[in-house]
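Engineer: predicted coordinates and the sequence they were generated for:
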Number of protein chains: 2
Amino acid sequence: MRPLILITNDDGVNAKGIHVLTEVAREFGDVIVMAPQTNASGLSHSIVSSRPIRAQEISSEEGLTICSCDGTPVDCVKLAVEHFCPRRPDLVLSGINHGSNSSINVLYSGTMGAAIEAVALCIPSIGFSLLNHSPQADFEPGLPFIRRIIRTTLENRLPAGITLNVNIPRLAAGEIKGIRVCQEANACWNDSFEKRIDPQGRPYWWLTGKFVCDDPSESSDEWALAHGYVSIVPIHCDFTHHPTIEKLKPLYC
Amino acid sequence: MRPLILITNDDGVNAKGIHVLTEVAREFGDVIVMAPQTNASGLSHSIVSSRPIRAQEISSEEGLTICSCDGTPVDCVKLAVEHFCPRRPDLVLSGINHGSNSSINVLYSGTMGAAIEAVALCIPSIGFSLLNHSPQADFEPGLPFIRRIIRTTLENRLPAGITLNVNIPRLAAGEIKGIRVCQEANACWNDSFEKRIDPQGRPYWWLTGKFVCDDPSESSDEWALAHGYVSIVPIHCDFTHHPTIEKLKPLYC
């Protein structure tokens, strides 16, 4: 039987990135797409619990069913696995995100929220992102690497509880040097809310900010991306910082 | 100078839990509250980027300013630190959440999203949750432990990059046995979407589910809570699973 691959994203079902990923995934298996109806960027691991979710099949052909819903990327994974997949998927793919999810961006990312949710459901998963926010971004140069990463994952599985955060540098075909398995760079956002006044004289704030990375480590994802490599960071969903447990016991217990 | 304590939550500025936490925090310092206007449960680490945020001061007296906004818990922390705090807070507190955020629930929790965001901004933080969803929950039995944890944290600081996920069992005064510093239990949600049909004949789905914990470890938060202890799990915001990096290199590089 061909592998069953569930695909979602956070840019919405009509984004170019998910169409490209769907075409690549069809080379490896039967595909079900369940994606947010509209842009759901920045939704992290959020779920909808205060209202019900609407979902619908958009199209269906041999080996490909496309659906959308008004839930979050995490809801897409949960709902599709339970109600829209004919059997348990062998792999969940999320993306290709229009924009980076490297380093600390994984915290805010709906793309990676979906990939992490799949792992919480014990389904292997990969999140893909391209360092290009444009709706018309050129995903072509990264496709050989995406194919390689999907093939390797289907052939070898992933360790239990691990998803892959894959980021692809914005380079022309032939300029990407290879793949590096990395750790998240130690970086942060210097946020800056821009205060404006509306025509009624009331204030409102737009979130802006500057990504700041001072991490010089050559084993980080930011280093890999800056030097022309695709970065893979193995991510897990147990946030416990184990080394700190023993340090805190004498203080708090 | 008295410590400056920023407080937020995900149940909204009018929830009982944040009022109780505010009163306790005032024993330790000056307090600024910035909380969502309405319930923002399940928003995890999400941020609002597609629209501006509205925020307003609700009340102000000596040592206490209360504000609310229409952003997420993470937005509350970002916006308050930059625009509503007279100086950088010494501590961010989130909660007290009406309901558990133990084990894998930390993934979905807006309460813990806010606490993690504070750490990403290099401000020590603690998220508090009571294992009682009721809007009228009795927070009183947990208050001596909350006081102790706040005092210990202000006196000793926390290791860089670490926030505390504190859960309080639902017990009467005097029945709580003490505090345990723990790891997240290995648990999951068995989701089940309930499908219904609206009066127009169209389907919709309500997220429900059952929390399943088969982790027998006595060092887990679920064990501690089931045995009458307050659980503290040290949480960090680098999701890299470092031991897996070397394992993946020969496969993917």
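Structural biologist: Yes, it's here. Numbers count the residues shown, from 1 in each chain, chains lettered A, B, ... in the order given.
Engineer: buried stuff in stretch A:173-186?
Structural biologist: Of the residues in stretch A:173-186, those buried under the neighbour-count criterion (16 or more other CB atoms under 10 Å in any protein chain shown) are A:Ile176, A:Ile179, A:Arg180, A:Val181, A:Cys182, A:Gln183, A:Glu184, A:Ala185, A:Asn186. Any C-beta I mention is one placed from the backbone N, CA and C, and that applies to glycine too.
Engineer: restrict these to those near chain B?
Structural biologist: Restricting the buried residues of stretch A:173-186 to those near chain B by CB under 8 Å from any CB of the partner chain leaves A:Ile179, A:Arg180, A:Val181, A:Cys182, A:Gln183, A:Glu184, A:Asn186.
Engineer: which ones among those are found in strands?
Structural biologist: Applying DSSP state E to these, the entries found in strands are A:Ile179, A:Arg180, A:Val181.
Engineer: including pLDDT and distance to A:Gln200, could these go into CSV?
Structural biologist: Formatted as CSV, these follow (pLDDT from 0 to 100; distance: CB to CB, whole Å):
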residue, pLDDT, distance to A:Gln200
A:Ile179, 97, 53
A:Arg180, 97, 52
A:Val181, 97, 53
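Engineer: out of these, which is nearest to B:Ser103?
Structural biologist: A:Val181 (28.3 Å; CB to CB).
Engineer: wait, that closest one sits on B:His241?
Structural biologist: No. Counting by CB atoms under 8 Å, A:Val181 sits too far from B:His241 to count as a contact (11.0 Å).
Engineer: give the contact list for A:Asn39.
Structural biologist: Applying CB atoms under 8 Å, 6 or more residues apart in numbering or on different chains to A:Asn39 gives the contacts A:Asp10, A:Asp11, A:Gly12, A:Ala15, B:Ser50.
Engineer: among those residues, which ones are buried?
Structural biologist: Buried members of the contacts of A:Asn39, scored by 16+ other CB under 10 Å, are A:Asp10, A:Asp11, A:Gly12, A:Ala15.
Engineer: doesn't A:Leu21 make contact with the second one?
Structural biologist: No. Here A:Asp11 does not reach A:Leu21: they are 10.8 Å apart, not a contact under CB under 8 Å.
Engineer: pull the longest helix seen in chain A out as CSV, backbone CA atoms only.
Structural biologist: Looking across chain A with DSSP state H, the single longest helix is helix A:143-156. C-alpha atoms of helix A:143-156 as CSV (Å, rounded to 0.1, in the frame of the first residue of the first chain):
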residue,chain,number,x,y,z
LEU,A,143,12.7,20.8,-3.8
PRO,A,144,15.5,18.3,-4.3
PHE,A,145,16.2,18.6,-0.5
ILE,A,146,12.6,18.3,0.4
ARG,A,147,12.4,15.1,-1.6
ARG,A,148,15.5,13.7,0.1
ILE,A,149,14.2,14.5,3.5
ILE,A,150,10.7,13.0,2.9
ARG,A,151,12.3,9.9,1.4
THR,A,152,14.8,9.5,4.2
THR,A,153,12.0,9.9,6.8
LEU,A,154,9.7,7.4,5.2
GLU,A,155,12.6,4.9,4.9
ASN,A,156,14.0,5.3,8.4
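Engineer: that helix near chain B at all?
Structural biologist: Yes. Helix A:143-156 is in contact with chain B by CB under 8 Å from any CB, via A:Arg148, A:Ile149, A:Thr152, A:Asn156.
Engineer: Three-state assignment for the closest residue to the last one other than its chain neighbours, please.
Structural biologist: The spatial neighbour of A:Asn156 that comes closest, neighbours along the chain excluded (CB to CB, 6 or more residues apart in numbering or on different chains), is B:Leu251 at 5.5 Å. Of the three states, B:Leu251 takes helix under DSSP: H, G, I helix; E, B strand; the rest coil.
Engineer: so what's the residue count around B:Leu251?
Structural biologist: Here the count is done by other CB atoms under 10 Å in any protein chain shown, and B:Leu251 has 15 residues near it.
Engineer: shouldn't it be in contact with A:Leu154?
Structural biologist: No. Between B:Leu251 and A:Leu154 there is no contact, the gap being 11.7 Å when judged by CB under 8 Å.
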